[in-house]
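Novice: Pasting the sequence and the predicted model now:
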Amino acid sequence: MIRTTPARPVSVEAVFPDLAAYRSRTTRLHPRPGRPGMRDSHVGGPMLWPDGEPWPVCRERHNPETEGYLPDEFRRARAADEWPRSQAWPGGAGTPGEDGPVPFMGLAQIFRRDVPGLAAGPDGADLVQLFRCPFAHSPYLDRRYHLRWRHAAKTEHADRFLAATPEVPLLRWEHELPEPCVLHPEEVDTYPWAEDDTLPAPLIALIDSWDDAQAAEHGPDAPNYQSDLSIPPGWRVGGYPSWASTGPMSIDCASCATPMRLLLTAGGEEMDAGSHSWMPLEDRDPSLRGLASVKGGWSVAQPTRLRFGRDRDLHVFTCPANPGHPPQWVLS
């Protein structure tokens, strides 16, 4: 089923003509719970992984835990809309892999044939796979991520594929386990976050004044540039990063100092109270208006069940000069 972003509450470039020079395209992925296969672009589905190729593992020290939940218990509990009971780590020991390797959790894979806006990887690779360590690191609960690039046609002709994805025995939190989701890619226009030097200062001042005037005239439900006109929420490929939590940051390649580009954004929520205007028409009740029209519950608002930081966006940046240089991960 396709997903269609509603027209913006106002015409962005009619209100701010100077923004035309900054217009870009982003591909909203619109993940929704389903049964994706290993040859599909997805969040939380089976990875296209040749049998015999080592699965990525995290070898850093992990924070100790004393209890957790079986991954299959989470799956059953979601189906029954209930919460499972926790249990102690096997054998009374600490976190599995506290001092040793832990298999990464596969979060998503995206083929360029499904998302043409996906930037090429090293040597023209056209399939990207995203992983996260299921356990936290350091007192600040830092996370470790891994990016794997592939050539889709070559990989799909492997003799055999991995039958079962490696998993840790227990997970500490439900939001470590992605819900298998199919994608419904849709390209939309996007404009930069308006703060600091992301846009010329006079243009940002104009945007701020317009926001204030809208709020004064229409109250809390008035359209707002950051929430309604610039960057859509949720999973997306390309376009501009949102900076709601950190403020704008300069992201340069650690290997060659080239300014990095946004490869993809992973978001725990597809909408919140301030961004519901982006919710697709197919997920709305046409007889209602505004936030009340959104239907579908968690399968629409939080379809992947994942969280990044304290409900932030995970931005994955790559080097345009050399996609083989290490990516950078930014929570904002």
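Specialist: Perfect, I can see it now. Numbers count the residues shown, from 1 in each chain.
Novice: hey, where'd the helices end up in the protein?
Specialist: Taking DSSP state H, the helices of the chain run over residues 12-15, 71-80, 152-156, 201-218, 298-301.
Novice: Which among the ones you listed is found nearest to S230?
Specialist: Nearest to S230 among the helices of the chain is helix 12-15; the distance by C-beta to C-beta comes to 8.0 Å. (C-beta placed from N, C-alpha, C; glycine too.)
Novice: starting at the chain centroid, how far to the closest one?
Specialist: 28 Å (C-alpha atoms, centre = their mean, to the nearest Å).
Novice: now swap in stretch 169-182 and tell me
Specialist: 14 Å.
Novice: Stretch 58-73: which residues count as buried?
Specialist: Within stretch 58-73, the residues scored as buried using 16 or more other C-beta atoms under 10 Å are 58, 62-63, 65, 68-71, 73.
Novice: Lowest-confidence entry in those?
Specialist: Looking at the buried residues of stretch 58-73 by pLDDT, the weakest one is E65, with 79.
Novice: As a check, name the ranges of all strands in the stretch 51-200 of the chain.
Specialist: 57-58, 67-68, 87-88, 102-103, 105-111, 127-132, 145-150, 181-182, 186-190 (DSSP state E, counting those that start in this stretch).
Novice: Can I get these in JSON lines including distance to G44?
Specialist: Shown next, in JSON lines, are these (distance: least, C-beta to C-beta, whole Å):
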{"stretch": "strand 57-58", "distance to G44": "19"}
{"stretch": "strand 67-68", "distance to G44": "19"}
{"stretch": "strand 87-88", "distance to G44": "23"}
{"stretch": "strand 102-103", "distance to G44": "15"}
{"stretch": "strand 105-111", "distance to G44": "7"}
{"stretch": "strand 127-132", "distance to G44": "11"}
{"stretch": "strand 145-150", "distance to G44": "15"}
{"stretch": "strand 181-182", "distance to G44": "6"}
{"stretch": "strand 186-190", "distance to G44": "19"}
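Novice: between those, which gets nearest to W235?
Specialist: Across those, closest to W235 is strand 105-111 (C-beta to C-beta), at 7.7 Å.
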